[in-house]
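> Build the 3D model from these lines:
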Amino acid sequence: MKSRIGCLALAVLLLFLAPACGTVESGRENEEGKEDKIQIGMSFDSFVIERWQKDRDVFVSVAKELGAEVNVQNANGLVEEQKKQIDYFIQKGMDVIVIIAIDPASLQESVKKAKDAGIKVVSYDRLIDNADVDLYISFDNERVGDMMARALVKEGIAGGSVVMIGGSPTDNNVPMVEGAFKKVMAENDVTILDSVHADNWRAEEAAAYIYANPLKIAQTDAIMCGNDDLATQAVHALAETRQAGDILVVGQDADLAACQRIVEGTQVMTVYKPVERLATRAAEEAVALARGEEISGEDVTVIESGAYQIPYIGLEPVSVNCDNIDEVIIGSGFHLKEDVYLNVPEQMPE
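Next up is the predicted model:
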């Protein structure tokens with residue numbers, strides 16, 4: 001009798017244990033499922049530049065569609081903050097870290113720490129110098145500078161003069177843009193009266209320069225601005241002295257305000273960089289890297305960065321002026337027609 005009672009008790013105990021063991025196993029599978037989900041950390045320079053918000057939104061959306069989660073951080077233009085963000089991503093065990101570098105030369109150690117931890121690193125838009133990044137993806141920055149220069153040549157600046165108000169001196173895209181710009185200026189006997197830079201891309205420095213240098217501005221035929229945000233401030237300052245529209249202005253990024261100025265006649269051109277393509281491709285490649293796949297494609301080349309050979313994808317920008325703005329900007333849906341022609345509705349195409 002005692003033996004039968006003992007067997008019965010054991011059977012009851014096993015019935016309770018069976019579902020308990022199943023629950024524990026199910027929990028492990030769920031945890032593993034979460035661990036298998038691709039984790040991407042994305043550290044932005046800042047969101048002062050209008051286009052970065054579009055880059056962020058497209059990248060996050062595409063990555064999510066591909067089954068990845070993206071943790072976006074904003075360094076607000078502070079190098080030490082960006083380093084802390086990268087350290088945080090390393091501690092969290094991200095699969096890939098995407099960096100829009102404030103000062104690329106200062107992040108070499110941060111990249112090394114990430115790589116030592118087995119994390120892939122993508123240099124987005126700006127190359128991190130002499131660092132073992134897994135991908136550098138950007139637009140052809142030399143083409144950007146060349147397009148700016150040729151737009152001014154088309155407007156008749158040959159033999160004239162120009163002032164250059166460039167972007168952040170720590171942004172390694174800046175010398176590439178300016179080098180190509182200067183080459184075309186030299187070919188057309190254009191005198192560069194002055195060349196200055198806006199620290200951390202602070203746009204107000206463009207207006208400050210114009211206010212502080214009225215004689216140079218009075219002598220120049222054109223102002224080359226490192227981006228459209230700088231151009232916005234430059235044109236505002238020129239408007240106060242009734243020189244807006246008389247002095248040629250060029251920029252890049254196809255900000256809405258720049259597109260409005262092109263149809264108004266106070267900016268000659270901007271360079272449209274289809275950020276949807278850039279962010280989409282970057283998200284696709286980041287997910288591929290997380291899965292252990294190689295960067296491949298007909299448009300993938302290799303560039304040298306110090307001791308490293310870096311896979312590079314350089315997308316083609318588009319020069320935009322009053323002749324093609326409807327097709328390129330409005331036709332692509334980058335900006336709405338009513339927004340571009342907001343201040344000159346009588347010129348709005350039907």
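> rest of the way, CA atoms for contacts and neighbours
Will do.
> Where does pLDDT dip in the stretch 201-350 of the chain?
Under the criterion pLDDT under 70, no range of the stretch 201-350 of the chain is flagged.
> Report the beta-bridge partners for T191.
S161 (DSSP bridges).
> Retrieve the pLDDT associated with it.
Here the pLDDT value assigned to T191 is 98.
> Please list all residues in contact with it.
Going by C-alpha atoms under 8 Å, 6 or more residues apart in numbering, T191 touches G159, G160, S161, V162, M185.
> how close does the residue lying closest to the second one once chain neighbours are set aside sit to V328?
For G160, the nearest residue in space outside its immediate sequence neighbours is V190; the separation is 5.0 Å by C-alpha to C-alpha, 6 or more residues apart in numbering. Distance, V190 to V328, by C-alpha to C-alpha, to the nearest Å: 29 Å.
> Next: Q219.
33 Å.
> quick one, which of those two is more surrounded?
Taking neighbours as other C-alpha atoms under 10 Å, Q219 and V328 compare with V328 leading, 18 against 14.
> give me the beta-bridge partners of the closest residue to the more buried one other than its chain neighbours?
Take V328 and drop its neighbours on the chain: the residue closest to it by C-alpha to C-alpha, 6+ apart is V320, 7.2 Å away. Counting by DSSP bridges, V320 is bridged to T270.
> ok, how many other residues are close to V320?
25.
> just N188 next, same as before
17.
> Same check on K154?
By other C-alpha under 10 Å, neighbour count at K154 equals 10.
> same check, this time on E298
Neighbours of E298 (other C-alpha under 10 Å): 6.
> so which strand or helix has it?
Using DSSP states H and E, E298 is not contained in any helix or strand.
> gap between it and I313?
10 Å.
> Strands along the stretch 51-200 of the chain, start to end?
Secondary structure of the stretch 51-200 of the chain (DSSP state E, counting those that start in this stretch): strands at 68-74, 96-99, 120-124, 135-139, 161-166, 191-197.
> tell me the mean pLDDT for the shortest one?
Spelled out, it's strand 96-99. Per-residue scores along strand 96-99 average to 98.
> Could you list every helix and strand in contact with that strand?
strand 38-44, strand 120-124, helix 275-290 (3 or more C-alpha pairs under 8 Å, 6 or more residues apart in numbering; DSSP states H and E).
> Same question for the fifth one.
Here strand 161-166 is seen to pack against strand 191-197, strand 222-225 when contacts are counted using 3+ C-alpha pairs under 8 Å, 6+ apart.
> Deepest-packed of those, please.
Most buried of these by mean neighbour count (mean count of other C-alpha atoms under 10 Å) is strand 222-225; its value is a mean of 25.
> so D194 sits right up against K182, yeah?
No: applying C-alpha atoms under 8 Å, one finds D194 not in contact with K182, separated by 11.8 Å.
> re earlier: which among the helices and strands packed on strand 96-99 is found nearest to I86?
Relative to I86, the nearest member of the helices and strands packed on strand 96-99 by C-alpha to C-alpha is strand 38-44, separated by 7.3 Å.
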